[in-house]
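Engineer: quick one: sequence plus predicted model below, questions after.
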Amino acid sequence: MQNLIQVAGIIDLAEAQMIVDEGADWLGFALRLPAKNEDLSEADAAAIVKAIQPRNKGVIITYLTDADEIKAFCAELGVGAIQLHGDVAPAELRRLRGIAPDLYLLKSLVVKADNIDELTKLVADSADHVDMFITDSFNPATGAKGATGLVHDWDVSAELVRVSPRPLMLAGGLNPGNVAAAIEAVRPAAVDAHTGLEDSFGRKDRLKVRTFVAEARKAFDRIAAEAERR
């Protein structure tokens, strides 16, 4: 999986269709969150996933940590990919891989001020059981581990790209104005945006989505061209 663009925090079918029309690859649905502040119901998410697949991929974004519950939830919603933001033990990831071998697993790496060693160890311990990592930003004021709108230190994500045997998706405060620079700095396999594409009412803005996708595609193409010239 390379050069993927994910837009997260889908709230309804109209928004999902707009994002698909503007060229995003994956759509993320935030469900079963600790604060129960989901953007839409699980039934609505399942209906949207059915509408957009197989051309585009629906991805559950959740804090679930139990392998059996994760497998059942993905089957219920009809998705083949899940983004795990909870503190899932490597042993549980291994068990999930065993009971759901076809499920595409993304594991979050939440970047804080001084936890590069912790994240590097998590990569080493978990890489055999996941398909992709995703770096995201921690908000020390709220304790949030995603959808913070905050940019973290891209040098940390770049280092994780270097040490990880799995591809890495970059998230955390990305928007149309900074996504190209972020891709140049980190060299990720994928990017994700959520709050950076929203208007003042909390809906995705078409122009922001369009610009984000275009800027990300151009940056990915530049990196690919550089690699070919080497």
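Structural biologist: That came in fine, so what should we check first?
Engineer: and residue 110, which of the three is it?
Structural biologist: strand (DSSP: H, G, I helix; E, B strand; the rest coil).
Engineer: ok, it - contacts?
Structural biologist: 85, 119, 135, 136, 137, 138, 145, 146 (Cβ atoms under 8 Å, 6 or more residues apart in numbering). For every residue, glycine as well, the C-beta is placed using N, CA and C.
Engineer: ok, now residue 2?
Structural biologist: By Cβ under 8 Å, 6+ apart, residue 2 lies in contact with 167, 189, 190, 220.
Engineer: now, which of the residues you listed sits nearest residue 55?
Structural biologist: residue 190 (17.3 Å; Cβ to Cβ).
Engineer: so which of the contacts of residue 2 are in helices?
Structural biologist: Taking DSSP state H, the ones among the contacts of residue 2 that sit in helices are residue 220.
Engineer: nearest to residue 26, of the contacts of residue 2?
Structural biologist: The nearest member of the contacts of residue 2 to residue 26, counting by Cβ to Cβ, is residue 190 at 7.9 Å.
Engineer: specify the beta-bridge partners of the closest one.
Structural biologist: In this structure, residue 190 bridges to residue 4, residue 169 when assessed by DSSP bridges.
Engineer: what is the neighbour count of residue 135?
Structural biologist: Residue 135: 26 surrounding residues under other Cβ atoms under 10 Å.
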